[in-house]
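**Student:** show me the folded form of this:
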Amino acid sequence: MTKKPCIIVTAPVPPDLRQLLDASCETVDVPTGKSPLEALPQSQWGAIDGMVCTVKTRVDAALLDALPALKVVSNFAVGFDNVDMDAANARKVLVCNTPGVLDGAVADLTIGLMLCVARNLVAGDAFVRSGDWTKGAFPLATDIRGKTLGLLGMGRIGRVVARTARAFDMDVIYHNRKPDPEAEGLARYVSRDALFSESDVVSVHIPLTAETRQSVGAREFGLMKKSAILLNTARGAVVDEEALIAALKDGTIAGAGLDVMTTEPLPPTSPLVQMPNVVLQAHIGSATVETRRAMIDLAVRNLVDSMTGKQPKAMVNAQAWPLARQAKAA
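**Tutor:** As a prediction, this is how the structure comes out:
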């Protein structure tokens with residue numbers, strides 16, 4: 001009888017998917033955000049073959065070295081900045097994620113943040129609730145129709161944002177390292193500096209890497225129009241938060257809509273909390289019932305497929321798949 005692979009589960013898994021996991025794997029639960037090395041006895045480390053985890057689980061060289069049998073990490077997220085990819089590649093560990101299934105939800109929130117900041121909708125709600133409407137009219141806001149939306153990063157989410165923005169008669173421009181053929185007819189490719197200087201709204205859609213960390217900072221804000229808005233639904237650390245706060249305070253840019261911040265949860269002492277020209281959300285880009293279900297479904301199936309010798313649907317480092325498959329066969 002073939003021994004089932006042993007996997008760590010640090011993500012919330014619904015009962016039907018738990019049954020799917022249990023049918024093909026021996027599962028070991030670890031509380032979300034807690035290191036497996038703290039949760040499991042050392043005697044169990046060498047038996048772990050796979051893991052389905054959230055971005056709160058740090059998968060670094062130390063963890064990978066402590067789990068020598070680990071061959072697959074399935075992230076319950078499209079992002080994978082919690083994984084040291086150099087360390088994973090060096091140890092031939094396959095990393096999977098959940099792209100595609102959350103594109104619409106994140107794009108919807110991006111458009112929602114744009115409307116909230118431009119039309120001052122959050123303050124407008126408070127204006128009515130407080131009774132201030134009985135004392136006079138609410139201040140005028142700003143149109144988005146006919147304005148220029150600049151997308152820093154044109155991937156799956158960026159393309160959905162671009163299609164939606166076109167319905168608002170927006171001129172959409174974007175910057176990637178190189179032009180995206182799939183963006184043809186949706187958006188116009190421009191240089192990075194042109195993106196910041198020409199846009200009325202700049203929306204960030206790039207992953208967090210060593211190269212992109214704090215890559216949107218004082219220089220970029222200085223290029224933007226004083227009437228421009230910054231949106232970030234990607235990763236907080238892509239933006240230099242101190243420079244953003246300074247730009248919002250001194251009027252270098254008009255406002256910001258942020259679903260992600262450098263420190264999460266955002267401390268109530270952060271200057272961003274007190275700024276009337278900022279709309280804040282609690283990293284809820286994918287936080288809908290339908291989207292989270294689709295994400296955990298894909299994360300679980302990525303792991304089960306890889307553990308049973310079937311190629312997973314979503315692989316970050318596909319070059320590691322043949323090696324993970326060989327390990328299964330062995």
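
**Student:** can we go C-alpha only for contacts and neighbour counts from here?
**Tutor:** Will do.

**Student:** what about the strands in the protein?
**Tutor:** For the chain, the strands defined by DSSP state E occupy 6-9, 26-29, 48-53, 72-75, 94-96, 148-152, 171-175, 188-189, 201-204, 229-232, 255-258, 278-280.

**Student:** now render the ones you listed as JSON lines, adding distance to Pro271, mean pLDDT and mean neighbour count.
**Tutor:** Formatted as JSON lines, those follow (distance: least, C-alpha to C-alpha, whole Å; pLDDT from 0 to 100; neighbours: other C-alpha atoms under 10 Å):
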{"stretch": "strand 6-9", "distance to Pro271": "37", "mean pLDDT": "97", "mean neighbour count": "22"}
{"stretch": "strand 26-29", "distance to Pro271": "38", "mean pLDDT": "96", "mean neighbour count": "16"}
{"stretch": "strand 48-53", "distance to Pro271": "32", "mean pLDDT": "97", "mean neighbour count": "26"}
{"stretch": "strand 72-75", "distance to Pro271": "32", "mean pLDDT": "98", "mean neighbour count": "29"}
{"stretch": "strand 94-96", "distance to Pro271": "36", "mean pLDDT": "98", "mean neighbour count": "28"}
{"stretch": "strand 148-152", "distance to Pro271": "25", "mean pLDDT": "98", "mean neighbour count": "26"}
{"stretch": "strand 171-175", "distance to Pro271": "30", "mean pLDDT": "98", "mean neighbour count": "24"}
{"stretch": "strand 188-189", "distance to Pro271": "34", "mean pLDDT": "98", "mean neighbour count": "18"}
{"stretch": "strand 201-204", "distance to Pro271": "21", "mean pLDDT": "98", "mean neighbour count": "26"}
{"stretch": "strand 229-232", "distance to Pro271": "16", "mean pLDDT": "98", "mean neighbour count": "24"}
{"stretch": "strand 255-258", "distance to Pro271": "13", "mean pLDDT": "98", "mean neighbour count": "27"}
{"stretch": "strand 278-280", "distance to Pro271": "10", "mean pLDDT": "98", "mean neighbour count": "21"}
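
**Student:** dump those strands to TSV, plus distance to Val83.
**Tutor:** As requested, the strands of the chain are exported to TSV (distance: least, C-alpha to C-alpha, whole Å):
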stretch	distance to Val83
strand 6-9	15
strand 26-29	19
strand 48-53	11
strand 72-75	9
strand 94-96	8
strand 148-152	23
strand 171-175	26
strand 188-189	31
strand 201-204	21
strand 229-232	21
strand 255-258	24
strand 278-280	27
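
**Student:** and His175, how far from Leu149?
**Tutor:** As for His175, its distance to Leu149 is 11 Å (criterion: C-alpha to C-alpha, to the nearest Å).

**Student:** show me the shaky parts of the stretch 1-150 of the chain.
**Tutor:** 1-2 (pLDDT under 70).

**Student:** which helix is the longest one in the chain?
**Tutor:** helix 289-307 (DSSP state H).

**Student:** counting contacts, what elements does that helix pack onto?
**Tutor:** Judged by 3 or more C-alpha pairs under 8 Å, 6 or more residues apart in numbering; DSSP states H and E, the packing partners of helix 289-307 are helix 15-24, strand 48-53, strand 72-75, strand 94-96, helix 321-329.

**Student:** list the buried ones in that helix?
**Tutor:** 291-292, 295-304, 306-307 (16 or more other C-alpha atoms under 10 Å).

**Student:** what's the angle from it to strand 48-53?
**Tutor:** 170 degrees (axes from the mean of the first three to the mean of the last three C-alpha atoms, to 10 degrees).

**Student:** ok, Thr308 to Lys3 distance?
**Tutor:** 11 Å.

**Student:** these two - which one has more neighbours?
**Tutor:** Thr308 (16 against 8; other C-alpha atoms under 10 Å).

**Student:** hang on, the more buried one packs against Ser24?
**Tutor:** Yes: the pair Thr308 and Ser24 qualifies as a contact (C-alpha atoms under 8 Å) at a distance of 7.5 Å.

**Student:** Asp65 is nearest to which of the strands of the chain?
**Tutor:** strand 48-53 (11.7 Å; C-alpha to C-alpha).

**Student:** report the contact partners of the residue nearest to Pro36 when sequence neighbours are not counted.
**Tutor:** Nearest residue to Pro36, sequence neighbours excluded (C-alpha to C-alpha, 6 or more residues apart in numbering): Val30, at 6.3 Å. Contacts of Val30 were listed using C-alpha atoms under 8 Å, 6 or more residues apart in numbering, and they are Ile8, Val9, Thr10, Pro36, Ala39, Leu40.

**Student:** Asp108 too?
**Tutor:** Per C-alpha under 8 Å, 6+ apart, neighbours of Asp108: Val161.

**Student:** and the closest residue to Met315 other than its chain neighbours, how far from Pro139?
**Tutor:** Distances taken as C-alpha to C-alpha, 6+ apart put Cys96 closest to Met315, at 4.3 Å, once the chain neighbours are dropped. According to C-alpha to C-alpha, Cys96 and Pro139 sit 48 Å apart.
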